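**Q** Sequence isn't available, so here's the structure alone:
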């Protein structure tokens, strides 16, 4: 019902057909509508931004554009011609190429080999690599983007930013396959770059615009508005409109989340703040690990502390280390006055720590096992008498929690993988609650991939748990979520906790306040 | 924009996929195969379906059942134990060597020794983070060599045949004692897995080790335990073999590796872990044994046996493995 917001504030339709057009694209996954009728137009020689919260359907849309996902319905048109994209090669033949978020280079090959990999052309003659030709081909590509990277350098010896340039050079090889200007998709290209590298990338993007169309995806709204000609917004798998480059980040954000922020999306009403207790429940002192150093962190009972930071800030590893799932080299962690044993996950579980991993499908749950078995996997004592499992006891317990958390499942015996993402996540959360002994919850992107309704329910649950005195560490999916849910926000950068920002209800910082500290 | 953010939770009715007919059939596959085989063999040779030949068949099957039962738990955990046959051969030698000195406690000593070897393999796998395939492949070679060395590369006759006489008796005059022991092993392992949290842990580890670890399951302990059990089963199977052959020999059980793996996969236990059970391996072991005794009945020389095992392992995995979920086949 919100698809009619196609407000067109930007130039009149050009005469030439759009470089790429998407009409009514639909893609369903079990329990999730990833795309629910997306429309998108990429004009020739423009940089189109694509914005949307996590779970808005951006990744699925991009994958559909490069032939990695087959849409259930809808059409893709390239320069006025309808196409069906069955593979990355297919997409490349139509002049569409993508620079992936997770880099797709082979680390132990040279830059040149990577650039021509899969499209060697004259670089291979009678089955034999012709190194000089390959080098020349690679150099041509690097010249296109004005890069001075040595084509004979091993890829893993290059910096992340340089590798990204290699990726762009590589993706531009699709120009050889088509006589038209290509469409280059950049998926979150800036997420791990330093600010100066970002500037170089933007120069590159503007350069690309001279001979190609670019689709640019980023979570950083100011960047998107900076480099793009216009920005299309997705929400809940639908196109909800677009803004021009002169819009404010706040406008764009409002369109992304579909509200003005006045609704109690984060259930602040549920929060019951008791008086500040004397001693923090969790005290982290000088904790060091492979990707973080000298981290100090306090979390009080009933408090939700958000940790924010860019990719590589070390916050995920810190979270895992607190759960004993990642080694630490120095420092100590005290929970309710007792020093924590960080040697393994069992000790953490026994101490009353719960952890919800970011990768729900591979780390959070055991897909083929039932809802009941997943829910009682950790707190086995809750379903046993002595060493013996009591099915009746388990059934009563699990049914109670299915009802309390409003988990939609046909039956407690249903395999958890058949549930929708939100309900899966509730089962994973319930795992820590069934024994009633959880004191600290570590939530790593607990709402990743959930739709807005399911997210709201997870938020409510977090608030209710906090109200009962559970201390929570939250690695939020977005800055907005971190701000909305946290009582206090810790900023991590390069493995250190660099700033603390109070975020009580009614006096929330803005995303920009946080971004300033993050970079 | 008037869209209420806190709309009713999205109507996310769970998608319920019904098990397909094929899926249902594969879950009964070992039993169906067993019945079909019995019927087929009876048609070819009506004399086959008699008490005496069935008794002989299950007696032959007993060591295989025990071997497969132990290794099944390792497979359920997502690993593989390739050392069972070599370890079993070594155990036959040890039994024959130790019997004169240890007498009545030889059985316990042999089983304890193989359990300890299994435990060491488990520890190597877990602590040194070496794939179980490699640990047990290396183990296989080591135990085979030790068996040759300590036996002087030849069979060692039993000094006292009475020591294993009880295994050759028949319960109620029809059930071979060895098979009763095998059933007991399968029953006890199944009960322990079914009645205690161990069952959940083993399945969780097999399906997704990282998820199991992050749920606080005692992953390392369970895996070491599985290898220990597998080792102990190899020792027990060795005693059964000794009771039949009245001697120990450094290669006595070597030809049981393939049948044991075949029994596991024919039973429908997923080679990738998680899905399956010890009962299934019992049925699988019976199927494999029937095929083995059935080959001469239908006129196929027993030299073709190994071809058969190879073929059924590949075929059974092809039928049971949901390869659509595997991104990379290694």
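**A** Sure, I can see it. As the structure is a prediction and not an experimental result, all values here were calculated from the model. Residues are numbered from 1 along each chain as shown, chains lettered A, B, ... in the order given.
**Q** so who does the residue of the stretch 51-200 of chain B at minimum distance from chain A touch?
**A** Nearest to chain A in the stretch 51-200 of chain B, going by CB to the nearest CB, is residue B:197, at a distance of 3.9 Å. Bear in mind the C-beta positions are built from the backbone N, C-alpha and C, glycine included. Neighbour list for residue B:197: A:380, A:384, A:387, A:389 [criterion: CB atoms under 8 Å, 6 or more residues apart in numbering or on different chains].
**Q** ok, of those residues, which one's closest to chain B?
**A** residue A:380 (3.9 Å).
**Q** who are the neighbours in contact with that closest one?
**A** Contacts of residue A:380 by CB under 8 Å, 6+ apart are A:389, B:197, B:200.
**Q** Could you tell me which of the residues you listed are located in helices?
**A** B:197, B:200 (DSSP state H).
**Q** Now stretch B:284-293: average pLDDT?
**A** Mean per-residue pLDDT for stretch B:284-293: 92.
**Q** before we move on, the earlier item: format the contacts of residue B:197 as JSON lines; extra columns: secondary structure.
**A** Formatted as JSON lines, the contacts of residue B:197 follow (DSSP: H, G, I helix; E, B strand; the rest coil):
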{"residue": "A:380", "secondary structure": "helix"}
{"residue": "A:384", "secondary structure": "strand"}
{"residue": "A:387", "secondary structure": "coil"}
{"residue": "A:389", "secondary structure": "strand"}
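**Q** so how many other residues sit close to the nearest residue to residue A:488 once chain neighbours are set aside?
**A** Of all residues not flanking residue A:488 in the chain, residue A:305 sits nearest, at 5.1 Å (CB to CB, 6 or more residues apart in numbering or on different chains). Number of residues near residue A:305 (other CB atoms under 10 Å in any protein chain shown) recorded here: 23.
**Q** Is residue A:305 in a helix, a strand, or coil?
**A** Taking three-state DSSP, the label given to residue A:305 is strand.
**Q** Pick out the residue closest to the middle of chain B.
**A** Centroid check for chain B by CA atoms, centre = their mean gives residue B:68 as the closest residue, at 1.4 Å.
**Q** any idea which helix or strand comes after the helix or strand harbouring that residue?
**A** Element membership for residue B:68 (DSSP states H and E) is helix B:51-76. Under the assignment DSSP H and E, the closest C-terminal helix or strand after helix B:51-76 is helix B:84-102.
**Q** quick one: that following helix to chain centroid distance?
**A** Centroid separation for helix B:84-102 versus its chain: 19 Å, with CA atoms, centre = their mean, to the nearest Å.
**Q** Just the buried residues of it, please?
**A** B:84-99, B:102 (16 or more other CB atoms under 10 Å in any protein chain shown).
**Q** repeat for stretch B:199-218
**A** B:199-209, B:211-218.
**Q** can you check stretch A:433-452 too?
**A** Under 16+ other CB under 10 Å, the buried positions of stretch A:433-452 are A:433-435, A:438-452.
**Q** how about the strands in the stretch 151-300 of chain B?
**A** With DSSP state E, counting those that start in this stretch, the ranges of strands along the stretch 151-300 of chain B come out as B:156-157, B:170-171, B:175-176, B:247-248.
**Q** show me where the stretch 301-450 of chain A has strands.
**A** Along the stretch 301-450 of chain A, the stretches classed as strands by DSSP E, counting those that start in this stretch are A:304-308, A:330-335, A:338-339, A:353-356, A:384-385, A:388-389, A:440-444.
**Q** got CSV for these, with mean pLDDT too?
**A** Shown next, in CSV, are the strands of the stretch 301-450 of chain A (pLDDT from 0 to 100):
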stretch, mean pLDDT
strand A:304-308, 94
strand A:330-335, 94
strand A:338-339, 93
strand A:353-356, 96
strand A:384-385, 92
strand A:388-389, 94
strand A:440-444, 96
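**Q** hang on, residue B:233 packs against residue B:84?
**A** Yes - if you go by CB atoms under 8 Å, residue B:233 and residue B:84 touch, sitting 7.4 Å apart.
**Q** Now for the two: what residues contact both?
**A** Residues touching both residue B:233 and residue B:84 by CB under 8 Å, 6+ apart: B:67, B:70-71.
**Q** Tell me the buried residues within these.
**A** Using 16+ other CB under 10 Å as the burial test, those include B:67, B:70-71 as buried.
**Q** now stretch A:213-226, how far from the centre of its chain.
**A** With CA atoms, centre = their mean, you get 15 Å for stretch A:213-226.
**Q** cool, stretch A:126-145 as well?
**A** Using CA atoms, centre = their mean, the offset of stretch A:126-145 from its chain centre is 35 Å.
**Q** Just the buried residues of it, please?
**A** Buried-residue list, stretch A:126-145, by 16+ other CB under 10 Å: A:133-139, A:141-142, A:144-145.
**Q** Ramachandran angles for the residue of the stretch 201-330 of chain B found nearest chain A?
**A** Minimum separation of the stretch 201-330 of chain B from chain A (CB to the nearest CB) falls at residue B:216, amounting to 3.2 Å. Residue B:216 adopts backbone torsions of phi 80, psi 20, taken as degrees, to the nearest 10.
**Q** ok, it - contacts?
**A** Taking CB under 8 Å, 6+ apart, one finds A:345-346, A:348-350, A:377-378 in contact with residue B:216.
**Q** how far away is the closest residue to it other than its chain neighbours from residue B:212?
**A** Nearest non-adjacent residue to residue B:216, counting by CB to CB, 6+ apart: residue A:349, 3.2 Å away. Remark: distance between residue A:349 and residue B:212 (CB to CB, to the nearest Å) = 12 Å.
**Q** Quick check: which ranges of chain A have low pLDDT?
**A** Applying pLDDT under 70 to chain A picks out residues A:1-15, A:30-32, A:54-55, A:101-103, A:191-192, A:194, A:259-264, A:269-278, A:519.
**Q** now the helices for the stretch 351-500 of chain A?
**A** A:371-375, A:391-404, A:421-433, A:452-467, A:479-485 (DSSP state H, counting those that start in this stretch).
**Q** now do chain B
**A** Going by DSSP H, chain B shows helices at B:21-27, B:29-44, B:51-76, B:84-102, B:106-127, B:132-151, B:177-195, B:197-207, B:209-214, B:219-245, B:257-266, B:278-297, B:305-320.
**Q** Thanks again, I'm all set now.
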